[in-house]
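Enquirer: Task: produce atomic coordinates for the following.
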Amino acid sequence: FQLLLILFLLLFIKHLCVCCTYISRDLSDVELIISTSFNKAVQMQFNSTLGKYVGFTEIGMKCARLSNNKQILSHLSNMVHKSIVNKLGKWQKPLIKLRPVKQNGSSSPAALVCSAYDFYPEQIKVSWLRDGKEMTTDVASIEELANGDWYYQIHSHLEYTPKSGEKISCMVEHGSFNKPMIIDWDASISESDGNKISIGASGLVLDITAAAGLMYYKKKSNRGRIFKPNRETKV
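Expert: Prediction:
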């Protein structure tokens with residue numbers, strides 16, 4: 001009966017707020033706080049650091065006394081150490097890609113996108129560096145998405161005017177890294193790919209032009225020529 005009363009109060013009368021906080025990387029200071037409120041006033045609260053419920057109102061203190069039994073407290077302790085810590089402890093490093101984005105018009109500024117895929121937890125920072133110094137004015141947009149499978153992805157777009165000799169880099173900071181990951185943009189890669197495409201296209205045009213010229217020459221040289229059958233001369 002007592003457990004049913006608690007469930008009724010929590011689910012049908014009160015507002016329930018569950019919060020999990022931690023600071024250390026090894027999750028040794030994970031703290032679970034469960035607060036139940038009514039009319040925006042906290043009635044009682046469970047704190048995993050204290051290991052019990054504490055009531056703040058008359059009815060809250062009654063519910064706290066009912067909730068502070070071994071069965072409920074043991075269940076909450078297992079929730080902290082097994083479910084929450086195990087899930088938070090699964091750091092997943094992001095896969096980082098830096099690539100150019102095609103812009104319309106030759107007068108448009110250069111555009112790059114830095115993407116980080118399949119990382120966990122959600123907290124991440126993506127920034128741009130020019131010659132080692134953080135850029136703030138040319139960042140066009142940052143888009144963060146949830147994959148739906150506990151993992152996340154983020155895309156940061158940069159529009160800038162290239163200068164000779166400068167170095168553009170993407171810096172990603174995530175809890176799975178011991179230090180920030182910096183990816184330098186190599187403009188020569190895209191330029192060489194463009195040169196290959198240009199050379200290939202030019203070669204194709206030359207081949208087509210040569211073939212057309214040969215066909216025209218043969219057609220012109222054969223025009224007006226009369227072929228006569230060979231006659232055998234009898235002696």
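Enquirer: what residue ranges in the chain score low on pLDDT?
Expert: Judged by pLDDT under 70, the chain has its weakly predicted residues at 1-14, 25, 87, 89, 103-109, 188-235.
Enquirer: all strands of it, in order?
Expert: Along the chain, counting by DSSP state E, strands occupy 15-21, 31-38, 41-47, 52-55, 95-100, 110-119, 124-130, 133-135, 139-146, 152-160, 168-174, 181-184.
Enquirer: phi, psi of Asp149?
Expert: Here is the backbone geometry of Asp149 (degrees, to the nearest 10): phi -130, psi 30.
Enquirer: Distance of it relative to Pro94?
Expert: 14 Å (C-beta to C-beta, to the nearest Å). Every C-beta, even on glycine, is put in place using the N, C-alpha and C of the backbone.
Enquirer: Between those two, which is the more surrounded one?
Expert: Ranked by neighbour count (other C-beta atoms under 10 Å), Asp149 and Pro94 place Pro94 first, with 22 against 8.
Enquirer: Contact partners for the more buried one?
Expert: Ala116, Tyr117, Asp118, Phe119, Ile124, Ile154, Val172, His174, Ser176 (C-beta atoms under 8 Å, 6 or more residues apart in numbering).
Enquirer: for the closest residue to Leu129 other than its chain neighbours, what are its contacts?
Expert: Closest residue to Leu129 apart from its sequence neighbours, by C-beta to C-beta, 6 or more residues apart in numbering: Ser169 at 4.2 Å. By C-beta under 8 Å, 6+ apart, the contact list for Ser169 reads Trp128, Leu129, Arg130, Gly132, Ile182, Ile183, Asp184, Trp185.
Enquirer: Then Ile183?
Expert: For Ile183, the contacting residues are Ile96, Leu98, Cys114, Ser169, Cys170, Met171, Val172, by C-beta under 8 Å, 6+ apart.
Enquirer: re the thing from before, right, and the strands of the chain - which one's nearest Leu66?
Expert: strand 52-55 (8.7 Å; C-beta to C-beta).
Enquirer: Now do the closest one: which elements does it pack against?
Expert: strand 41-47, helix 58-67 (3 or more C-beta pairs under 8 Å, 6 or more residues apart in numbering; DSSP states H and E).
Enquirer: which residues touch that strand?
Expert: Identification of contacts with strand 52-55 by C-beta under 8 Å, 6+ apart yields 43-47, 61-65, 67-68, 73.
Enquirer: Could you rerun that using 6 Å?
Expert: Outside strand 52-55, the residues that touch it by C-beta atoms under 6 Å, 6 or more residues apart in numbering are Met44, Gln45, Phe46, Met61, Ala64, Ser67, Asn68.
Enquirer: can you check stretch 140-153 too?
Expert: Tyr117, Asp118, Phe119, Tyr120, Glu122, Ile154, His155, Ser156, His157, Glu159.
Enquirer: Looking at the residues you listed, spot the one nearest Cys17.
Expert: For the contacts of stretch 140-153, the nearest to Cys17 is Glu122 (19.4 Å; C-beta to C-beta).
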